[in-house]
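Colleague: I'd like to go over a predicted model; first the sequence, then the structure.
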Amino acid sequence: MNPVFLFSIVFTVLIGCSHSGSSSGGTEPLPRVQSVENLFNVPGQIVADNLVRSIQFHRSGNRNSAAIIELNSAQKLELTFETMQFDSRQFRVNISHHNPDWSRSSLGRDSFLDGLFTLYINSGRVSSVQQPQYRQYNFTFPNDDLRLLKSGNYMVSIEDADTGFLVLSLPFFVTENEGSIASSVESLITPRQNLRSSHRPVSRYRLPEIAEQPQFDLSFYYVQNRFWGRATKADEVDFSSPREVHFEVNRNTPFIGDYEFLELDLSDFTQRNPRVLEYYPAENPPKVILLDDASRFTASGRLVGSGKFGSPVMSLNSRYIDVQFTFEPGIPPEANSEIYLVGDFNNWAIQSANRLRYDPETDRWKTNAILKEGVYRYKYVLLEDGEIDDLYFDDLFTNTRQEYHTFIYMRDNREFYHRLLQYNHFFSNQ
């Protein structure tokens, strides 16, 4: 398990009145495992409504991009999500500004936002399919009613307008595109990782004129595979070159270079799909039982797409499926051990709803998830004595390509917030 984390993220227990569950209002929050570190998401990043599915959040016009835009440009962010209900709902949009560690910045709302104080997402579009029927909602910003005034880390939160309940909160980034950056990845084999492949990102940043005291005001971070909650600060920094800085992560604390993802292609969910064992089209929603996943022998060997939220088919003609995952972990059930399914379809969160249960009749572990037609990444993680091991079941011989982002911040000493000067996006050479 990669021990390098900028910060630990503890799940917040959502407190609020439970709703009756009517399709016109909010719902009870998804069940979560308390007091467990969330290795993948930033503090406050959450999907709290158990009717919300198929989230997509990216730069408009590029579905595979991360939610990153340039300040004062024509670029926009597009947030789309669906609710498993026919009745219409209204949602309220809130945006907050954050520091690199995702604590709230000291900026007041009027300092980083210009426009209407409250924005709403209305109506949604109804699917043309049933069993089940659903609605799709979309919000694109900045727009005529909302303009972003500062660079940095942001969070967009969606609340149910009737109940005030939180529906979801997701991070995004606004960069100033100042200076130029180039990055690459060194591959290492380290005894610390039990001879696993390790990655050491290295970068070169050409300083802009606004960076007057770079050795004091700049900070540098790397993120692997868009798990923003696992950001790692570059602690080896060299300012000796004029107007240029070299930085990299410590050789003793690299990233896992063969981090594994499993692939699920549900473009066809009938028994023509080689992953489908059984298909029950008459159920609501239709049910699919997948062939077994086996520990250490199921890696896809490649990074499936680039999106953190998978690639559901966003057509209103596409259907949802109740998918049963079956896993052979190669370990007996233990009183202090639990296995969870995490992936694109559940915000990479440890949820009680996706805990695997042992079936003694088949000697397999099973769980279910409601997924839309599409392609997804996922993996199984071990929770033992309150700690998550997300490498325990990884393939013995994987060669999965890893994705990286670099972020460069500058402390603004006049307004006391962290400006995001530049970022870049690159892959390992595998």
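Modeller: In hand now; what should we look at? This is a predicted model, so every value here is computed, not measured.
Colleague: and residue 375, backbone torsions?
Modeller: Taking degrees, to the nearest 10, you get phi -130, psi 140 for the backbone angles of residue 375.
Colleague: so what's it closest to, chain neighbours aside?
Modeller: residue 311 (4.5 Å; C-beta to C-beta, 6 or more residues apart in numbering). Every C-beta, even on glycine, is put in place using the N, C-alpha and C of the backbone.
Colleague: What residues does that neighbour make contact with?
Modeller: Residues in contact with residue 311 (C-beta atoms under 8 Å, 6 or more residues apart in numbering) are 63, 305, 344, 374, 375, 376.
Colleague: Derive a ChimeraX selection command for the buried subset of those residues.
Modeller: Here is the ChimeraX selection string for the buried members of the contacts of residue 311, based on 16 or more other C-beta atoms under 10 Å:
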select :63,305,344,374,375,376
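Colleague: which among the contacts of residue 311 gets closest to residue 350?
Modeller: For those, the residue nearest residue 350 by C-beta to C-beta is residue 344; the value is 14.9 Å.
Colleague: separation between residue 258 and residue 293?
Modeller: 18 Å (C-beta to C-beta, to the nearest Å).
Colleague: returning to what we had before: what pLDDT does the model give the residue nearest to residue 375?
Modeller: Residue 311 is assigned a predicted lDDT (pLDDT) of 94.
Colleague: spatially speaking, which residue is in the middle of this protein?
Modeller: Centroid check for the chain by C-alpha atoms, centre = their mean gives residue 308 as the closest residue, at 4.7 Å.
Colleague: is it true that that residue touches residue 343?
Modeller: No: contact criterion C-beta atoms under 8 Å: residue 308 and residue 343 do not qualify, at 10.4 Å.
Colleague: partner strands of whichever strand or helix holds residue 155, parallel or antiparallel?
Modeller: Using DSSP states H and E, residue 155 maps to strand 152-160. Using DSSP bridges, the strands paired with strand 152-160 are strand 91-98 (antiparallel), strand 166-175 (antiparallel).
Colleague: Now render the ones you listed as a markdown table, adding distance to residue 401 and mean pLDDT.
Modeller: Formatted as a markdown table, those follow (distance: least, C-beta to C-beta, whole Å; pLDDT from 0 to 100):
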| stretch | distance to residue 401 | mean pLDDT |
| --- | --- | --- |
| strand 91-98 | 29 | 98 |
| strand 166-175 | 22 | 97 |
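Colleague: Just put those in a markdown table and tack on mean neighbour count and distance to residue 114.
Modeller: Listed next are the strands paired with strand 152-160 as a markdown table, based on neighbours: other C-beta atoms under 10 Å; distance: least, C-beta to C-beta, whole Å:
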| stretch | mean neighbour count | distance to residue 114 |
| --- | --- | --- |
| strand 91-98 | 19 | 11 |
| strand 166-175 | 22 | 13 |
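Colleague: any chance of the ones you listed in CSV, plus distance to residue 148?
Modeller: Shown next, in CSV, are the strands paired with strand 152-160 (distance: least, C-beta to C-beta, whole Å):
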stretch, distance to residue 148
strand 91-98, 8
strand 166-175, 5
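Colleague: of the ones you listed, which approaches residue 366 most closely?
Modeller: Of the strands paired with strand 152-160, nearest to residue 366 by C-beta to C-beta is strand 166-175, at 27.1 Å.
Colleague: name the helices or strands packed onto the helix or strand harbouring residue 388?
Modeller: Assessed by DSSP H and E, residue 388 sits inside strand 387-389. Under the contact definition 3 or more C-beta pairs under 8 Å, 6 or more residues apart in numbering; DSSP states H and E, strand 387-389 sits against strand 374-384.
Colleague: now with 10 Å?
Modeller: Contact here means 3 or more C-beta pairs under 10 Å, 6 or more residues apart in numbering; DSSP states H and E; on that basis strand 387-389 packs against strand 337-343, strand 374-384.
Colleague: Can I get these in TSV including mean pLDDT?
Modeller: Shown next, in TSV, are those (pLDDT from 0 to 100):
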stretch	mean pLDDT
strand 337-343	94
strand 374-384	93
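Colleague: Just tell me which of these ends up closest to residue 111.
Modeller: That would be strand 337-343 among those, by C-beta to C-beta, at 36.3 Å.
Colleague: what inclination does that closest one have with respect to strand 374-384?
Modeller: Relative orientation of strand 337-343 versus strand 374-384 (axes from the mean of the first three to the mean of the last three C-alpha atoms, to 10 degrees): 160 degrees.
Colleague: ok, and for strand 337-343, which residues are buried?
Modeller: Quick answer for strand 337-343 (16+ other C-beta under 10 Å): 338, 339, 340, 341, 342, 343.
Colleague: and of the residues you listed, the nearest to residue 212?
Modeller: The closest of these, once distances to residue 212 are taken by C-beta to C-beta, is residue 342, at 43.4 Å.
Colleague: wait, doesn't that closest one sit right on residue 356?
Modeller: No: using C-beta atoms under 10 Å, residue 342 makes no contact with residue 356, being 11.1 Å away.
Colleague: So for those two, which residues contact both of them?
Modeller: Here residue 342 and residue 356 have residue 380 as joint contacts, going by C-beta atoms under 10 Å, 6 or more residues apart in numbering.
Colleague: which residues do residue 308 and residue 343 both contact?
Modeller: Common neighbours of residue 308 and residue 343, using C-beta under 10 Å, 6+ apart, are residue 377.
Colleague: quick one: pLDDT of residue 430?
Modeller: As predicted, residue 430 sits at a pLDDT of 53.
Colleague: Likewise for residue 281?
Modeller: 95.
Colleague: Likewise for residue 345?
Modeller: 94.
Colleague: That one - that's part of a helix, no?
Modeller: Yes: checked against DSSP: H, G, I helix; E, B strand; the rest coil, residue 345 lies within a helix.
Colleague: give me every residue that touches it.
Modeller: So, once contact is read as C-beta under 10 Å, 6+ apart, residue 345 ends up touching 53-55, 264, 266, 309-310, 312, 323, 354, 369-372, 374, 376-378.
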